[in-house]
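> Here is my input; please provide its structure:
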Amino acid sequence: MLCMYYRFTAFRRYDAGSHYVFAGDASGRITLLSLTHSGGHTECRSVRELRVHEQGVTSLSWDSLNSRLFSSSNNRSVILWDIGGAKGTAIDLQGHSKDATCVSWWPTGNSQAAAQHRGLAVSGGLDGLVIFWLMDPSRVEAPSWSESDVCQICGTPFFWNVKKMWDVMSVGVRQHHCRRCGKAVCDKCSPSRSSLPAMGFERDVRMCNVCSPSITDADRRSLAILFDARHPILRLRIEESLNLLLTVGRDRVLK
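Predicted coordinates:
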């Protein structure tokens with residue numbers, strides 16, 4: 001029996017070549033398990049835990065050719081995990097406005113885009129969108145968010161920094177983060193919004209006054225194709241031999 005604890009995970013994917021199992025659960029955690037067969041028995045051990053999703057994992061898909069894992073979550077995100085790259089890279093793909101309920105790797109999509117980008121990741125969500133994510137080599141991991149008690153651009157204290165507020169005799173402000181550089185900034189220093197597809201942001205996100213002027217039209221070039229399926233999607237299935245995609249909706253409709 002596969003590790004007693006992991007029987008209760010929400011989603012699992014198995015890679016026959018490496019004998020790895022990926023198990024995602026309702027906490028947002030993904031656990032990598034290694035299976036070994038010996039003397040008619042199967043043993044499993046936990047190798048690694050992946051934690052980025054803030055809410056439950058809704059689906060997993062494995063790209064065995066490039067050793068990449070794709071996961072979707074109730075927090076509206078799809079994450080590309082570069083397992084084989086040994087760098088721990090996790091690219092957060094933000095395009096859904098509601099729960100991302102499913103994701104699937106489509107290595108042989110019969111289109112010019114699929115051929116150019118060596119396959120597509122396809123996700124569906126409760127917003128009714130089917131998103132085809134191009135696996136472009138320009139994709140990079142977004143920076144981690146900085147921690148600071150003051151705005152890292154103008155020095156204004158954040159509202160919990162009572163001592164600094166008293167020293168400068170000012171009211172503290174709320175902390176935000178620039179999605180391009182990761183700096184902790186105030187609202188005044190980050191009024192701009194822009195998409196940044198190379199980092200996974202297909203929708204407009206917050207940019208600081210330092211990064212915003214350097215964003216070009218090339219930086220805004222979309223790396224995804226959005227299709228409105230006109231129903232809230234729970235599951236999708238790709239039939240590669242027929243080049244067809246099936247969606248199952250919360251409205252009990254199949255398309």
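> Which positions are bridged to R237 in the beta structure?
Using DSSP bridges, the beta-bridge partners of R237 come out as L246.
> wait, it sits on S104?
Yes: A contact is recorded between R237 and S104 when judged using C-beta atoms under 8 Å, the distance being 7.5 Å. C-betas here are computed from N, CA, C, even on glycine.
> Tell me which of the two has more neighbours.
Looking at R237 and S104 with other C-beta atoms under 10 Å, you find the greater number of neighbours at S104, namely 19 against 12.
> Looking at strand pairing, list the partners for the more buried one.
Taking DSSP bridges, one obtains V122 as the residues bridged to S104.
> Now do the contacts for it.
With contact taken as C-beta atoms under 8 Å, 6 or more residues apart in numbering, S104 is in contact with 59, 61, 70, 121-123, 236-238.
> Could you dump those residues into JSON lines and include distance to V162?
Conversion of the contacts of S104 to JSON lines gives the following (distance: C-beta to C-beta, whole Å):
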{"residue": "S59", "distance to V162": "44"}
{"residue": "S61", "distance to V162": "48"}
{"residue": "F70", "distance to V162": "44"}
{"residue": "A121", "distance to V162": "46"}
{"residue": "V122", "distance to V162": "49"}
{"residue": "S123", "distance to V162": "44"}
{"residue": "L236", "distance to V162": "50"}
{"residue": "R237", "distance to V162": "55"}
{"residue": "I238", "distance to V162": "55"}
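> could you dump these to CSV with pLDDT?
Converted to CSV, the contacts of S104 look like this (pLDDT from 0 to 100):
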residue, pLDDT
S59, 89
S61, 89
F70, 91
A121, 91
V122, 94
S123, 96
L236, 93
R237, 90
I238, 88
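> Separate out the buried members of those.
The neighbour-count criterion (16 or more other C-beta atoms under 10 Å) marks 59, 61, 70, 121-123, 236, 238 among the contacts of S104 as buried.
> Grab the nearest non-local neighbour of R51.
Nearest in space to R51, with sequence neighbours left out and distances taken as C-beta to C-beta, 6 or more residues apart in numbering, is R29 at 5.6 Å.
> pretty sure the one you found is touching E49, no?
Yes: using C-beta under 8 Å as the test, R29 is close enough to E49 to be in contact (6.0 Å).
> for the stretch 51-200 of the chain, what are the low-confidence residue spans?
Applying pLDDT under 70 to the stretch 51-200 of the chain picks out residues 85-87, 108-118.
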